[in-house]
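In: Mind folding the following:
(one chain, ligands or ions: 1)
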Amino acid sequence: MTSHKLNEPSVAGQSVTGQCYCGTVRFAITDFQPQLMTCHCTICQRVSAADCVSYGHSPKQNFSWLQGLQQLNYLQTSEDTQRPFCCNCGSQMPIIYEPANQVFVPAALLDEVDGFKVIGHCFVRSKKPWLQLPDDETQYEAFPG
Ligand SMILES: [Zn+2]
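Out: As a prediction, this is how the structure comes out:
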């Protein structure tokens with residue numbers, strides 16, 4: 001049986017850029033892996049007004065804000081987690097998770113997502129009942145680990 005872990009080394013990464021809805025805030029990531037984890041936790045659902053959110057992840061040092069930093073406000077959703085959002089349009093922006101030195105990037109913000117793929121689902125314990133998950137995508141009750 002194969003299982004995909006969040007930190008599993010994989011194919012070569014690529015440079016990507018992304019932005020909020022209005023374009024005020026832009027960011028770039030180098031060596032970004034195209035494997036995504038879809039989060040079904042209640043925080044992601046509510047702050048994004050979405051059934052779930054698919055994230056890629058990156059070491060913090062590969063992530064940079066290109067513009068609009070002064071337009072960001074920060075929602076603290078746990079002791080360790082800051083969720084930035086654009087003050088102009090309200091888009092949720094990449095999440096900076098300090099303890100793991102990681103940035104979690106909603107793939108919906110990216111400019112190019114050719115070849116990107118969801119490999120797993122976390123917090124499926126709060127998955128919305130109308131969603132059907134494909135059998136080949138690993139499911140985790142909470143955070144993989
Ligand atoms: Zn915006």
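
In: Asn73 reaches Cys87, doesn't it?
Out: Yes - in terms of C-beta atoms under 8 Å, Asn73 counts as a neighbour of Cys87; the distance is 5.1 Å. Quick note: C-beta positions are derived from backbone N, CA and C, even for glycine.

In: Tell me how far the nearest residue in space to Gly56 that is not next to it in sequence lies from Gly13.
Out: Excluding the flanking residues, the one nearest Gly56 by C-beta to C-beta, 6 or more residues apart in numbering is Val105, at 4.9 Å. Applying C-beta to C-beta, to the nearest Å, the value for Val105 to Gly13 is 12 Å.

In: Comparing the two, which shows the higher neighbour count?
Out: The residue with more neighbours, out of Val105 and Gly13, is Val105; 23 against 15, by other C-beta atoms under 10 Å.

In: and the more buried one, what does it touch?
Out: Residues in contact with Val105 (C-beta atoms under 8 Å, 6 or more residues apart in numbering) are 18, 29, 32, 55-58, 63, 94-95.

In: picking that back up, which helix or strand lies directly C-terminal to the helix or strand harbouring the residue nearest to Gly56?
Out: Taking DSSP states H and E as the criterion, Val105 maps to strand 102-106. Using DSSP H and E, the helix or strand that follows strand 102-106 towards the C-terminus is strand 117-122.

In: And that next one, what does it pack against?
Out: When contacts are defined as 3 or more C-beta pairs under 8 Å, 6 or more residues apart in numbering; DSSP states H and E, strand 117-122 packs onto strand 35-39, strand 138-139.
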